[in-house]
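*Asks:* missing the sequence, but the structure's below:
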Ligand code: TRP
């Protein structure tokens, strides 16, 4: 039985608090690392276009649905389904979310480790004076080694475990609130420099001039997966956060603000990276290495480059940490509230599992590089199965649950705070998106992308 039923649940104290917390979960490696590398691997602007459509028509309605479930139930991701649909298998949606959280963390902690390591390298001057060829060598050497990446991955896990155990999530939120704007400003500084490099316009065109012929079923599925991953939806993070949202808050408005700000951060990251890629003569499809090769090289060409570079990676590390806390909190809340584990045991065992299975992802760039499962390295497999399968399937279930099981009346009631918000038009559009557009579109994209059906 959930302990939170007996005690009064804590909640976010203000509208800005709700925005900061949800945005703190959304903004992370997805913006500065995954968005640029996937854009490069999937053909540029055409991918960006499909991605934007997926955010607006699918991920955003799923986010609002999760808020609705969480605030209505006042419980964790599994408990919420048990409460709203007792004695039905709906709670399995929550269980699959917990599995997705683990799969994501297996590789997310690896990449977060790279970011921590780069913050350290920048601080200790190891990247000073490195041109683009040199930064490419440094990155290749780093991820090709074993001890460093493994050690940094464990440092990441210890850091987030300490934060979760100490229960200072609130402190992290406060920190995110002040630091996100600084990250934003730094990205703009980086954009200005990158855009003034010779040949930068090719990068801008690459990002904004779509070649529609590049849109294939696999590209659409990748864009959909990224939209889920970016907005932290499809596995219950926003359900958990929804349970902390006060009765008077405007949930649809909050979700729209999160989606817009998050997308802006991704586009700014793309504008810092692609002009530099073309200016330095790299290929845009280099994948995960893009961020770690181009950003250090761009900062080298600026006055106070080392200071800016250090700040950039420190802020990126903090953004990644905020996102990981929302990820780790899902299994921890589930294990403590549904299975009665203590917070310490739940955190330490979850982190230990993430660290050990996560080694498979970490070694995918070195000793296990040749070991392929279904044609993918472990790193890519964890990424693919979580973003492109579990999150979309979770998204369908969440939409069907809110749109059909709870039904339009409950949806309208929650999303308008009992009719007091007067957002009739938003409600009508939302209802169509949640009941029909999102679930059907996800299903078609999923089956088509996986090659089960041919459209
Ligand atoms: N959105 C985060 C990022 O872009 C990652 C993340 C945090 C996430 N919580 C999540 C992804 C929940 C999916 C589900 O870095």
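*Replies:* Thanks, I have the structure now. Small disclaimer: the values here were computed from a predicted structure and weren't measured.
*Asks:* which stretches of the stretch 201-350 of the chain form strands?
*Replies:* Assigned by DSSP state E, counting those that start in this stretch, the strands in the stretch 201-350 of the chain number zero.
*Asks:* residue 75 versus residue 328, what's the distance?
*Replies:* Going from residue 328 to residue 75 by CB to CB, to the nearest Å gives 18 Å. In short, each C-beta sits where N, CA and C put it, glycine included.
*Asks:* for residue 138, grab the count of nearby residues.
*Replies:* Taking other CB atoms under 10 Å as the neighbour definition, residue 138 ends up with a count of 18.
*Asks:* now do residue 345
*Replies:* Other residues near residue 345 number 12, with proximity taken as other CB under 10 Å.
*Asks:* also residue 377?
*Replies:* Counted with other CB under 10 Å, the neighbours of residue 377 add up to 20.
*Asks:* spatially nearest residue to it (excluding sequence neighbours)?
*Replies:* Closest residue to residue 377 apart from its sequence neighbours, by CB to CB, 6 or more residues apart in numbering: residue 364 at 4.0 Å.
*Asks:* wait, that neighbour touches residue 383, no?
*Replies:* No: judged on CB atoms under 8 Å, residue 364 makes no contact with residue 383 at a distance of 10.1 Å.
*Asks:* residues of the stretch 151-300 of the chain that sit close to the ligand?
*Replies:* Within the stretch 151-300 of the chain, the positions near the ligand by CB under 6 Å from any ligand atom are 229-230, 232, 235, 237.
*Asks:* just the closest of those to residue 147, please.
*Replies:* When these are ranked by distance to residue 147 (CB to CB), residue 229 comes first, at 29.0 Å.
*Asks:* pretty sure the closest one contacts residue 391?
*Replies:* Yes: taking contact to mean CB under 8 Å, the distance of 6.5 Å between residue 229 and residue 391 places them in contact.
*Asks:* how about the residue of the stretch 51-200 of the chain found nearest the ligand, secondary structure?
*Replies:* Sorted by distance to the ligand under CB to the nearest ligand atom, the residues of the stretch 51-200 of the chain start with residue 104, at 5.7 Å. Three states are possible here, and by DSSP: H, G, I helix; E, B strand; the rest coil the one that applies to residue 104 is helix.
*Asks:* in space, what's closest to it - neighbours in sequence excluded?
*Replies:* Take residue 104 and drop its neighbours on the chain: the residue closest to it by CB to CB, 6+ apart is residue 386, 4.8 Å away.
*Asks:* wait, that neighbour sits on residue 100?
*Replies:* Yes: when contacts are counted by CB under 8 Å, residue 386 is listed as touching residue 100 (5.1 Å).
*Asks:* coming back round to it: just list the residues touching the residue nearest to residue 104, thanks.
*Replies:* If you count contacts by CB atoms under 8 Å, 6 or more residues apart in numbering, residue 386 has them with 100, 103-104, 229.
*Asks:* tell me the contacts of the residue nearest to residue 377?
*Replies:* Under the criterion of CB under 8 Å, 6+ apart, the contact list for residue 364 reads 371, 377-380.
*Asks:* going through those, which ones are buried?
*Replies:* If you count burial by 16 or more other CB atoms under 10 Å, the buried members of the contacts of residue 364 come out as 377-380.
*Asks:* how far away is residue 319 from residue 303?
*Replies:* Distance from residue 319 to residue 303, counting by CB to CB: 25 Å.
*Asks:* ok, the two, which is more surrounded?
*Replies:* Between residue 319 and residue 303, residue 319 has the larger neighbour count (other CB under 10 Å), namely 25 against 6.
*Asks:* ok, that one - contacts?
*Replies:* Under the criterion of CB under 8 Å, 6+ apart, the contact partners of residue 319 comprise 27-29, 31-32, 176, 179-180, 183.
*Asks:* and the residue nearest to residue 202 when sequence neighbours are not counted, what's its pLDDT?
*Replies:* The spatially closest residue to residue 202, leaving aside those adjacent along the chain, is residue 278, at 3.9 Å (CB to CB, 6+ apart). Residue 278 is assigned 92 on the pLDDT scale.
*Asks:* what's the neighbour count on the residue nearest to residue 53 when sequence neighbours are not counted?
*Replies:* Leaving aside its sequence neighbours, residue 53 sits nearest to residue 223 (CB to CB, 6+ apart; 8.0 Å). Applying other CB under 10 Å, we find 26 residues neighbouring residue 223.
*Asks:* my guess is residue 223 meets residue 46, correct?
*Replies:* No: using CB under 8 Å, residue 223 makes no contact with residue 46, being 9.3 Å away.
*Asks:* how many neighbours does the residue nearest to residue 202 have?
*Replies:* For residue 278, the count of nearby residues is 22 (other CB under 10 Å).
*Asks:* ok, now which ones touch it?
*Replies:* Shown here is residue 278, whose contacts under the criterion CB under 8 Å, 6+ apart are 199-200, 202-203, 206, 284.
*Asks:* switch to 6 Å and redo it
*Replies:* If you count contacts by CB atoms under 6 Å, 6 or more residues apart in numbering, residue 278 has them with 199, 202-203.
*Asks:* how much space between it and the ligand?
*Replies:* 25 Å (CB to the nearest ligand atom, to the nearest Å).
*Asks:* same question for residue 283.
*Replies:* Separation of residue 283 from the ligand (CB to the nearest ligand atom) stands at 24 Å.
*Asks:* list the contacts for that residue?
*Replies:* Residues counted as contacts of residue 283 (CB under 6 Å, 6+ apart): none.
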